[in-house]
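A.B. asks: model the structure of this input:
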Amino acid sequence: GGLTADFAELIIYERVLSAAEISRVESYLAIKYGITMPKDYVNSSSGVLYAYDANYANGIIGIGRETGGAGASGYLQGISESESEPNGFTLIFDVGYAGTFPSDQYQVNSYPTNNDFLMMGHNGGGVNFTGTYNAICNNRMGRVWKSVNTGMPTSDSVTYRFNAATFNTLMGGGNYQVLI
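C.D. replies: Coordinates of the predicted model:
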């Protein structure tokens, strides 16, 4: 028998890769395709972009740029959505973004400098709201996100998009605020 499968991407090397090189390739593919891995996400020089944290090891997504230099991946990710939660949360770097998600996923006209990334993962908590949180906020979602910024300019615009249909069903409609 042979193999019958669909491949999103096939990367071939003419030699056996070291453990560090394998980690770089896995990180590149995980960020590009929104795949959560139980290990650190690293760039092409093995610099840590998102350190594995068991408390925030769900739905890991990231946007960023890595171009130029020896071993650089030539990577430009302007929109990220977790493959494990396709109807959940989308992270968009929207400075100069041209297109509609997800069909024009890679058309970003402007971007931060090389090796700037914003990575996020969540605690796996529920998306339903629970009792009183504090005097200002009546309810709090059980799901909490952790973000790691490795150079993304804070003056640039990043959109955090939730799937409205999914969240309206879970929360019964209404107006909600996101605290960042």
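A.B. asks: with adjacent residues omitted, what lies nearest to T150?
C.D. replies: By the measure of C-beta to C-beta, 6 or more residues apart in numbering, the closest residue to T150 outside its immediate chain neighbours is F117, 4.7 Å from it. All C-beta spots, glycine's among them, are computed from the backbone N, C-alpha and C.
A.B. asks: how deep is the one you found tucked in, by neighbour count?
C.D. replies: 23 (other C-beta atoms under 10 Å).
A.B. asks: hmm, it is touching I60, no?
C.D. replies: No. Contact criterion C-beta atoms under 8 Å: F117 and I60 do not qualify, at 11.9 Å.
A.B. asks: what touches both of the two?
C.D. replies: Y50 (C-beta atoms under 8 Å, 6 or more residues apart in numbering).
A.B. asks: buried stuff in the top helix by length along the chain?
C.D. replies: Of all segments of type helix in the chain, defined using DSSP state H, the longest is helix 19-33. Judged by neighbour count using 16 or more other C-beta atoms under 10 Å, the buried positions of helix 19-33 are 23-24, 26-28, 30-32.
A.B. asks: packing partners of it?
C.D. replies: Secondary structure elements in contact with helix 19-33, counted by 3 or more C-beta pairs under 8 Å, 6 or more residues apart in numbering; DSSP states H and E, are strand 41-42, strand 58-66, strand 75-77.
A.B. asks: hmm, 10 Å instead?
C.D. replies: Other helices and strands packing on helix 19-33, by 3 or more C-beta pairs under 10 Å, 6 or more residues apart in numbering; DSSP states H and E, are strand 41-42, strand 48-50, strand 58-66, strand 75-77, strand 79-81.
A.B. asks: the inter-axis angle of it versus strand 58-66?
C.D. replies: Relative orientation of helix 19-33 versus strand 58-66 (axes from the mean of the first three to the mean of the last three C-alpha atoms, to 10 degrees): 100 degrees.
A.B. asks: with just CA atoms, put helix 19-33 into PDB.
C.D. replies: Output for helix 19-33, consisting of C-alpha atoms alone and laid out as PDB, is shown next (Å, rounded to 0.1, in the frame of the first residue of the first chain):
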ATOM      1  CA  ALA A  19      16.800  18.700  17.300                       C
ATOM      2  CA  ALA A  20      17.000  22.500  17.300                       C
ATOM      3  CA  GLU A  21      16.300  22.600  13.500                       C
ATOM      4  CA  ILE A  22      13.300  20.300  13.800                       C
ATOM      5  CA  SER A  23      11.900  22.600  16.600                       C
ATOM      6  CA  ARG A  24      12.300  25.600  14.300                       C
ATOM      7  CA  VAL A  25      10.500  23.900  11.400                       C
ATOM      8  CA  GLU A  26       7.700  22.700  13.800                       C
ATOM      9  CA  SER A  27       7.300  26.200  15.200                       C
ATOM     10  CA  TYR A  28       7.100  27.700  11.700                       C
ATOM     11  CA  LEU A  29       4.400  25.300  10.600                       C
ATOM     12  CA  ALA A  30       2.500  25.600  13.900                       C
ATOM     13  CA  ILE A  31       2.300  29.400  13.700                       C
ATOM     14  CA  LYS A  32       1.500  29.400  10.000                       C
ATOM     15  CA  TYR A  33      -1.400  26.900  10.400                       C
END
